[in-house]
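J.: one predicted model, sequence on top.
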2 protein chains.
Amino acid sequence: MDTTVAKGLAVLAHLARAEAPLRLSQVAQDLDLQKSNTHRLLSTLSELGYVRKEPETGRYAPTLKIWELGACVISAHPAKRAAAPYLQELHRITGETTTLSLLDGHQVLVLDKIVAPRTLRFTSRPGSRVPAALNASGLAMLAQETTPEPLIRMALAESPHGRDLAAEDILAELEVVRGRGYALMLKSKYTPGVVGVAASLPTRDGHARAALSASGPAERFTGAHLDEIIEAVRVIAARVANATGPI
Amino acid sequence: MDTTVAKGLAVLAHLARAEAPLRLSQVAQDLDLQKSNTHRLLSTLSELGYVRKEPETGRYAPTLKIWELGACVISAHPAKRAAAPYLQELHRITGETTTLSLLDGHQVLVLDKIVAPRTLRFTSRPGSRVPAALNASGLAMLAQETTPEPLIRMALAESPHGRDLAAEDILAELEVVRGRGYALMLKSKYTPGVVGVAASLPTRDGHARAALSASGPAERFTGAHLDEIIEAVRVIAARVANATGPI
DNA sequence: GGACGTCATTCCATTATATGGAACGATCCG
DNA sequence: CGGATCGTTCCATATAATGGAATGACGTCC
């Protein structure tokens, strides 16, 4: 274990996740490092171009270099590449915000998103994580037949199921999702007022789980429009399954 | 200079930029490291979750963790946040692929892109870099009045101007761009068959340079449609300039 | 305006730690 | 079956990271 590498990446990650540039002593305190140590780590990261020291404030901010690296990784990601046209088409048909997600452990990782040109309400940012049990895409992926039982248990355990979100309810909901082939989250606990419709996608390797979703404000997701959206999600997911190769 | 951090990040960056998973000895050879050293670096990166060793092939591949970090950085980027609605609207009006770019040194860095729903031809990937002098967005940014002379010289020097792309021609073109307020690249040397229309955006801090562009196949970028596109680019760039705050 | 506190930076002796060579199996290929 | 390449482990060595102290700059509060 190269501890210096671990520290350097911890500093970089800390700056990336911070909402604003950080002072040296702040970083040192947050990560429990010595000031002199932090100083050298930040200096080397600056030399390497991953970090920039603001001349005015003296604070440190990440540059776009990590993002450039990450962009290489995501653009090469097989699921993202394969699903991109379907994500696009679902957006074209429904006119709503559509997302492509992966199940990573007990969390939903948002891979890609096309936002509705309308007034954009809450939109989950690509790269963000959401508890699987609180999200239409998460339910769709958990409901896949190939999902091992322990993974579902873990996802339920990790989700903040309080008074109005019992584990039994979610398990029952998963049964429903499995039966009809898509997940519908009308009353989201995670993002109130947002309705999501999602279907899981078959993946080349069985252990990866992916889902497509369309989501938007509850006021618009009713009646005939909602029926259209559900139908579009089902049709496109089925088309992925019947395509030349799965995701 | 923490050399171990530099090596670790070099390994990570190398894996990220590689088009396929790499074997250990390949990484060691490419980066001129010892095998045992590379082994430990890859092990620590795996422990930290930035790298995964494929069980089947034994090769190493980057995980999505770097991408997640990069997504945090880009989503917090002020220019990207501020320009997103304009990028969206330019796409809505023109129906073509639109991009938001920054000038970083003598290169254009593509920040964001909305692809045309039509058959997608060549599309520059977000995170990719293009020589500034070979690209409509690059010309628009170089033509800004605030661009220092040496930067233009450098951009020209770095661009592969051969027989049909003399430095004088580009300088003359920059004059034209400066006069009419937008850049038009009809015969792209970098991506043949693609026409680009771009205008620079005013930025809060004078030294950052940003541009919006619409681009697509040469066959479609003619006559009235091209005029519409040019007008849309001009109008939206002007709207940014007159907005509450610049980018 | 002066004094205090916080911060960033530099230096250096100490030692922990990264290093690279060698040696060992495993695996692949001819 | 034999040779070659690869990944992995081990360990003595020396390099390079560490943390404490000292310094100077900056900002803040009486």
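T.: Yep, it's here.
J.: domains in chain A, by residue range?
T.: When chain A is parsed with automatic domain parsing, its domains come out as A:3-68, A:77-242.
J.: now the end-to-end length of the longest one.
T.: I take that to be domain A:77-242. Taking Cα to Cα, to the nearest Å, domain A:77-242 runs 21 Å from one end to the other.
J.: what mean pLDDT does that domain get?
T.: Mean pLDDT, computed over domain A:77-242, is 89.
J.: any residues of chain A in contact with DNA strand C? List them.
T.: Within chain A, the positions lying close to DNA strand C (Cβ under 7 Å from any atom of the strand) are A:1-4, A:23-26, A:35-36, A:39, A:42, A:53, A:58-59. All C-beta atoms are positioned from the backbone trio N, CA, C, and that covers glycine.
J.: filter those residues down to the ones near chain B?
T.: A:1-2, A:4 (Cβ under 8 Å from any Cβ of the partner chain).
J.: need the helices for chain A, in chain order.
T.: Under the criterion DSSP state H, helices of chain A are mapped to A:3-17, A:24-31, A:35-48, A:65-76, A:78-94, A:136-142, A:149-158, A:167-180, A:223-242.
J.: contact partners of the fifth one?
T.: For helix A:78-94, the external contacting residues (Cβ atoms under 8 Å, 6 or more residues apart in numbering or on different chains) are A:74-75, A:97-100, A:102, A:111-112, A:114, A:116, A:201, A:203-204, A:208, A:210, A:212, A:214, A:228-229, A:232-233, A:236, A:239-240, A:245-247, B:115, B:117.
J.: sorry, back to before: and the domains of chain A as TSV, adding mean neighbour count?
T.: Putting the domains of chain A into TSV (neighbours: other Cβ atoms under 10 Å in any protein chain shown) gives the following:
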stretch	mean neighbour count
domain A:3-68	17
domain A:77-242	19
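J.: mind putting these into CSV with distance to DNA strand D?
T.: Listed next are these as CSV, based on distance: least, Cβ to the nearest atom of the strand, whole Å:
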stretch, distance to DNA strand D
domain A:3-68, 3
domain A:77-242, 21
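J.: how close does the residue located most distally from the centre of chain A sit to chain B?
T.: Most distant residue from the mean C-alpha position of chain A: A:Ser36, 36.4 Å away (Cα atoms, centre = their mean). Using Cβ to the nearest Cβ, to the nearest Å, we find A:Ser36 at a distance of 12 Å from chain B.
J.: do you know how far that residue is from A:Ile74?
T.: For A:Ser36, the distance to A:Ile74 (Cβ to Cβ, to the nearest Å) stands at 36 Å.
J.: before we move on, what about A:Leu9?
T.: Taking Cβ to Cβ, one finds A:Leu9 at 19 Å from A:Ile74.
J.: hmm, A:Glu68 is touching B:Gly70, no?
T.: Yes - judged on Cβ atoms under 8 Å, A:Glu68 makes contact with B:Gly70 at a distance of 7.3 Å.
J.: which neighbours do the two have in common?
T.: Taking Cβ under 8 Å, 6+ apart as the contact definition, A:Glu68 and B:Gly70 share no neighbouring residue.
J.: now A:Gly138. Nearest residue, chain neighbours left out?
T.: A:Ala132 (3.3 Å; Cβ to Cβ, 6 or more residues apart in numbering or on different chains).
J.: how about the contacts made by the one you found?
T.: A:Ala132 makes contact with A:103, A:106-108, A:138-139, A:141-142, A:155, A:158-159 under the criterion Cβ under 8 Å, 6+ apart.
J.: please apply the same query to A:Lys65.
T.: Applying Cβ under 8 Å, 6+ apart, one finds that A:Lys65 lies in contact with A:49-50.
J.: measure stretch A:65-85 end to end?
T.: The first and last residues of stretch A:65-85 sit 28 Å apart, counting by Cα to Cα.
J.: what of stretch A:114-133?
T.: Stretch A:114-133 has an end-to-end distance of 23 Å (criterion: Cα to Cα).
J.: run the chain-centre distance for that stretch.
T.: Its chain's C-alpha centre lies 8 Å from the corresponding centre of stretch A:114-133 when counted by Cα atoms, centre = their mean, to the nearest Å.
J.: could you do stretch A:26-45 as well?
T.: Centroid displacement of stretch A:26-45 relative to its chain, using Cα atoms, centre = their mean, is 30 Å.
J.: report the mean per-residue pLDDT for that stretch.
T.: Over the span of stretch A:26-45, the pLDDT mean works out to 97.
J.: which residues are in contact with that stretch?
T.: Around stretch A:26-45, the neighbours that count as contacts under Cβ under 8 Å, 6+ apart are A:7-8, A:10-12, A:14-15, A:22, A:24-25, A:51, A:53, A:60, B:1-2, B:5-6.
J.: my guess is A:Leu48 contacts B:Gly8. True?
T.: No - using Cβ under 8 Å, A:Leu48 makes no contact with B:Gly8, being 10.3 Å away.
J.: how near is the residue nearest to A:Gly138 to chain B?
T.: Between A:Ala132 and chain B the computed distance is 16 Å (Cβ to the nearest Cβ).
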